[in-house]
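Engineer: Pasting the sequence and the predicted model now:
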Amino acid sequence: MDLRSEILTEHSRAQSLRIAAWIGGNASRFKTLITLFLEDDYRVVQRAAWVVSFVAAKHPALLTPHLPAMVTKMEAAGLPVAVKRNVLRVLQYLPIPSDLHGAVMNTCFTFLEEPTETVAVKAFSMTVLANLAKDYPEIKNEIRLLIEDQLENSPTAGFRSRAKKVLKEIQV
């Protein structure tokens, strides 16, 4: 299968699931997907991000060698929302290697503070930070302050729901 062509063929959940099933637990195929995700044009990166999240849900160990590159990509300016959203979606379920904690924490705080950031990116950032707070309890107060500040003015039920769940989890 020409992975890039398949990704560009159709943008749908069904197509992304088909591609994810083809990749399965195959590390070589996953590496090809990650290369597209990290280095290709916007449309390919956006669509590959969705496939990455589907593969990661079933084969999280495949991500481990690629996490540093994914975190670096997530830190880049002007990143498509789909990439941020899908990298964070994956990170909320994986053990993050300790050498990446600082970078992930800084990026998640930045996303959470950004007024124009999407609700999904903020919600996933909250969860990732709550997970990291288990190892770094000193960040709980900063997370709480950021969430409470935004909770008052949040127009979406999704943000409010995730915020309340995270606040309960990190009770300081």
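Structural biologist: Structure's in. What do you need? This one's a predicted model, so the numbers in the text were calculated from it and none came from an experiment.
Engineer: going forward, measure contacts between C-alpha atoms and count neighbours the same way
Structural biologist: Will do.
Engineer: Quick one: find the helix or strand in this structure with the lowest mean pLDDT.
Structural biologist: helix 81-91 (a mean of 87; mean pLDDT, DSSP states H and E).
Engineer: C-terminal to that one, which secondary structure element comes first?
Structural biologist: helix 101-113 (DSSP states H and E).
Engineer: tell me the contacts of the residue lying closest to residue 39 once chain neighbours are set aside?
Structural biologist: Nearest residue to residue 39 in three dimensions, chain neighbours excluded: residue 45, at 7.5 Å (Cα to Cα, 6 or more residues apart in numbering). Listed by Cα atoms under 8 Å, 6 or more residues apart in numbering, the contact set of residue 45 reads 36, 37, 38, 39, 83.
Engineer: For the fourth one, grab the count of nearby residues.
Structural biologist: Here the count is done by other Cα atoms under 10 Å, and residue 39 has 11 residues near it.
Engineer: likewise residue 167?
Structural biologist: Residue 167, neighbours per other Cα under 10 Å, totals 19.
Engineer: Which pLDDT value goes with it?
Structural biologist: On pLDDT, residue 167 comes in at 95.
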